[in-house]
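[1] With the input below, show me the fold.
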Amino acid sequence: MSFEIPDREEIDLSLVLHALSDPQRRGIVAELALSEEPRPCGSFAPEITKSTRTHHFRVLREAGLVEQWKEGTSKMSRLRRDDIDARFPGLLDSVLAAPVVI
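    Here you go, the predicted model:
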């Protein structure tokens, strides 16, 4: 089961910037950017509640920054780096170069 995400051409800059305005979400994006493999959502930000983490992933997914799918009992996530870089060249590099303060 895959969760709906916008097509590359439909990724909206204002939604991306809103999603990246939160330090927790920037931290998730930074961790995904470092990972070669998809990661289960439960492996991120253990200090926040599951419902808050779910909210952050929904915002990231709806903005088009991540794609998610079910694998067994886990919800897997992957950064849509190629799509974001094609749509907004240099944006992720700039965001990821800035320190994340939580």
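[2] got a list of what D22 touches?
    Applying Cβ atoms under 8 Å, 6 or more residues apart in numbering to D22 gives the contacts 56, 59. Backbone N, C-alpha and C define where each C-beta goes, glycine included.
[3] ok, how many other residues are close to the closest residue to I28 other than its chain neighbours?
    Computed as Cβ to Cβ, 6 or more residues apart in numbering, the closest residue to I28 that is not its neighbour in sequence is F44, at 5.3 Å. By the measure other Cβ atoms under 10 Å, the count of residues near F44 is 17.
[4] tell me the contacts of F44?
    So F44 contacts 27-28, 31, 53 (Cβ under 8 Å, 6+ apart).
[5] nearest to E67, of those residues?
    I28 (13.3 Å; Cβ to Cβ).
[6] got a list of contacts for the helix or strand that contains the closest one?
    Assigned by DSSP states H and E, I28 belongs to helix 23-34. Contact partners of helix 23-34, identified using Cβ under 8 Å, 6+ apart, comprise 19-20, 39, 44-45, 48, 52, 56-57, 59-60, 65-66, 77-79, 81, 92, 95-96, 98, 100-102.
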